[in-house]
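Student: here is a sequence with its predicted model. Questions after.
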Amino acid sequence: MDGERRIARADRLAAVASTGLLEAPSAPGLDRLTRLTARLLGTPMSAVSLVTDEQQVLAGRFGFPPSNGGVARMSLTHSFCRHVVDDDAPLVVTDARADERVRDNPAVDESGVIAYVGVPIRMDGHTLGAFCVIDSRPRTWSPADLATLEDLGAAVGSEIALIMAAGHAERAATLMRAVLEASPDAYVSTDADGLVLDWNPAAETLFGWSRAEAVGADAVELIIPEEHRVRFAADVARVRAGGESVLAGRRMEMPVIDRHGNCIPVEYTVQITDVGSPVFHSFLHDISARRAAQRELQQRNQQLEQANLLKLDLMGMLSHDIGTPLAAITGYSELLLEDPLPEPVLYLVGRIRKSAHRIDELRHNVLAMCSLDSGTLTASRQPVLLGPALREAVDAVEADIRVECPGETWVLVNPAHLTQIVVNFITNAAKYGGGATAITVRETGETVSVAVHDEGPGVPSALRPTLFDRYTRAADTGAAKGHGLGLHIVASLAGANHGTVAHRDNHPRGSIFELTLDAGGAH
């Protein structure tokens, strides 16, 4: 590999730059090594030279004139050290004036560089530069001189590594300090005796003590309530004695106190580092807002419990207090319709009977909604002969609807739920579709589908994705009143019976609402 390519390699230049010494004044440790080397070899000058593709920088030097700005630089045109990097090998010059490798170097006449010896400074496989000594008169370098320079060159490499490590540590500490300064959580570090070592701005805000006031104070007495101090003091003593902390690494909640004695709930974690002596690092987060929200949530839960009790009372009232007299009204109205009564009276009795059935339908819907909300909706399925059950549902709403059902079609369903679903489909068609026109049944292997047809305007496409959701109405014309619960109840009842509900277009107009249930044999 030729010299130009070696000097200009990007990875080598990056390694030189990573030392952090190209822009810094000479390092004290490297200066000491150059003084020692010059004394041992009896030379007027010695240098640690870092070589780039444009210049060499003297990171440590002895015997050179002071440099402007504290950083000693020189062009590669005046550099002997570049040859050390070019060849990755020592360069030994007895008399530069007679050495064809360097006799044309301007440093010979301008700086009086006559004798020179330099050895490579290597680190991580890269040649960073040269460690050299210079004499202003011809000199024959002995093997002992070269060995001494090689050994001290290794020490130079070690010193540069230490300088880099110190720089990394300083940058890491600076970054950590910046993170802690910006952290929204309070940071408190303490030594093995529990005395505060560090205290960030968030800790100043949380506790009211400035960093100057807190550092050096006993952290337990400063921020821990009296009833918790024994536990913390015992944990510190346990770690100081070489034991394991019972608090470290856990996320815990506890109260702390500020400088005014106010109690503040916090969530905190403790970590321990030990480099000769344990240091406790605590991060504390104020959870006052969370605790307040939990109290609101507890109040809300109490309100919900009270509402649930009210709902249970409502269910009881609907089941018994309303259901019993409603059954009597329905029964008496049906008995009256069997008697020969004047036509106007029969009409009024019929209106009473129809209204009673409507109230009973609403009662069942409310009971279903209460069961849904409380998570108690269940269905005890049994084989039901479908044809008579559908005709009973039609009779319950006193509608004139054609029912097409094969005579021996059975389904597995809760009979009351089946009636409620079909009645809801029929009343929905009456509200939004001009009334149901037919009920058809389709058997498909292990399932049976019951379809309620109407020839109304149909369901708007925008409503279809949420048609069976709570509070969605099948149309939004304002002509029909309702709360949008009927189809939601239907879907829930169907699900409880291992069934499904769906909507599809009728042809040429209208809608079809379909219930699909498991087929069931006759029993």
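Tutor: Everything's here; your move.
Student: after the helix or strand A292 falls within, next one along is what?
Tutor: Taking DSSP states H and E as the criterion, A292 maps to helix 288-316. Beyond helix 288-316 on the C-terminal side, the first helix or strand identified by DSSP H and E is helix 323-338.
Student: quick one: average pLDDT of that next one?
Tutor: Average pLDDT, helix 323-338: 71.
Student: doesn't F280 make contact with Y268?
Tutor: No. Counting by Cβ atoms under 8 Å, Y268 does not reach F280; the two are 11.2 Å apart. (Glycine included, C-beta is placed from N, CA and C.)
Student: more crowded one of these two?
Tutor: Legend: neighbour count by other Cβ atoms under 10 Å for Y268 and F280, higher for F280 (23 against 19).
Student: surely the more buried one is in a strand?
Tutor: Yes. Counting by DSSP: H, G, I helix; E, B strand; the rest coil, F280 falls inside a strand.
Student: mind listing what T19 touches?
Tutor: L50, A59, L128, I160, I163, M164 (Cβ atoms under 8 Å, 6 or more residues apart in numbering).
Student: show the buried residues in those residues.
Tutor: L50, A59, L128, I160, I163 (16 or more other Cβ atoms under 10 Å).
Student: with only the CA atoms kept, save the stretch of helix or strand the first one belongs to in PDB.
Tutor: In this structure, L50 sits in strand 45-51 according to DSSP H and E. Taking Å, rounded to 0.1, in the frame of the first residue of the first chain, the C-alpha atoms of strand 45-51 are listed here in PDB:
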ATOM      1  CA  MET A  45      13.400  17.900  21.200                       C
ATOM      2  CA  SER A  46      10.800  15.100  21.500                       C
ATOM      3  CA  ALA A  47       7.200  15.000  20.200                       C
ATOM      4  CA  VAL A  48       4.000  13.000  20.000                       C
ATOM      5  CA  SER A  49       2.900  13.600  16.400                       C
ATOM      6  CA  LEU A  50      -0.600  12.800  15.100                       C
ATOM      7  CA  VAL A  51      -0.700  12.700  11.300                       C
END
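Student: can you list contacts of it?
Tutor: Outside strand 45-51, the residues that reach it (Cβ under 8 Å, 6+ apart) are 7, 16, 19, 21-22, 30, 33-35, 37-38, 56-64, 76, 79, 81-82, 84-85, 118, 121, 128-135, 156, 160.
Student: repeat for stretch 218-230
Tutor: For stretch 218-230, the surrounding residues in contact (Cβ under 8 Å, 6+ apart) are 188, 190, 194-196, 207, 209, 214, 232-233, 236, 254-258, 263.
Student: so the nearest residue to H417 once chain neighbours are set aside: helix, strand or coil?
Tutor: Counting by Cβ to Cβ, 6 or more residues apart in numbering, H417 lies nearest to L493, which is 4.7 Å off, once chain neighbours are set aside. Put simply, L493 is helix when judged by three-state DSSP.
Student: now do the longest strand anywhere in the chain, average pLDDT.
Tutor: Across the chain, the longest stretch assigned as strand under DSSP state E is strand 263-274. Throughout strand 263-274, pLDDT has a mean value of 89.
Student: other residues contacting it?
Tutor: Contact with strand 263-274 is made by 186, 206, 225, 239, 245, 247-258, 278-288, 291, as judged by Cβ under 8 Å, 6+ apart.
Student: surely the residue nearest to H417 and A379 touch.
Tutor: Yes. In this structure, L493 is within contact of A379 by Cβ under 8 Å, at 7.5 Å.
Student: now do the shared contacts for those two.
Tutor: H417.
Student: neighbour count winner among those two?
Tutor: The neighbour comparison of L493 against A379 (other Cβ under 10 Å) goes to L493, with 27 against 18.
Student: what segments of the stretch 1-150 of the chain are helices?
Tutor: 3-8, 10-18, 28-41, 81-87, 106-110, 143-182 (DSSP state H, counting those that start in this stretch).
Student: for V384, what are its contacts?
Tutor: So V384 contacts W410, V411, L412, V413, P415, L418, G520 (Cβ under 8 Å, 6+ apart).
Student: for the stretch 301-450 of the chain, give me the ranges with low pLDDT.
Tutor: Within the stretch 301-450 of the chain, the ranges that satisfy pLDDT under 70 run 307-324, 326, 353, 357-358, 360-377.
Student: can you give me the helices for it?
Tutor: 323-338, 343-374, 386-396, 415-432.
Student: remind me which residues of the stretch 151-300 of the chain are low pLDDT?
Tutor: Checking the stretch 151-300 of the chain against pLDDT under 70 turns up nothing.
Student: rewinding a little: which of the contacts of stretch 218-230 fall within strands?
Tutor: Among the contacts of stretch 218-230, the ones falling in strands (DSSP E) are V188, T190, V196, M254, P255, V256, I257, C263.
Student: excluding chain neighbours, give the residue nearest to the first one in space.
Tutor: If I follow you right, that is V188. S282 (4.7 Å).
Student: residues touching the one you found, list them.
Tutor: Residues in contact with S282 (Cβ under 8 Å, 6+ apart) are Y187, V188, S189, T190, Y268, T269, V270.
Student: quick check: beta-bridge partners of the second one?
Tutor: Spelled out, that is V188. W199, S282 (DSSP bridges).
Student: so what's it up against?
Tutor: V196, D198, W199, A203, A214, A219, I223, H281, S282, L284.
Student: would you confirm that the fifth one contacts F207?
Tutor: Right, the one you point to is A214. Yes. Between A214 and F207 there is a contact under Cβ under 8 Å: 7.4 Å.
Student: show me which positions of stretch 491-499 end up buried.
Tutor: In stretch 491-499, counting by 16+ other Cβ under 10 Å, buried: A491, S492, L493, A494, A496, N497, G499.
Student: what about G350, distance to L337?
Tutor: Here G350 is placed at a distance of 7 Å from L337 (Cβ to Cβ, to the nearest Å).
Student: phi, psi of the nearest residue to V256 once chain neighbours are set aside?
Tutor: Spatial nearest neighbour of V256, chain neighbours left out: I223 (4.8 Å); criterion: Cβ to Cβ, 6+ apart. The phi/psi pair for I223 (degrees, to the nearest 10) reads phi -130, psi -10.
Student: most tightly surrounded among the helices of the stretch 1-150 of the chain?
Tutor: helix 81-87 (a mean of 23; mean count of other Cβ atoms under 10 Å).
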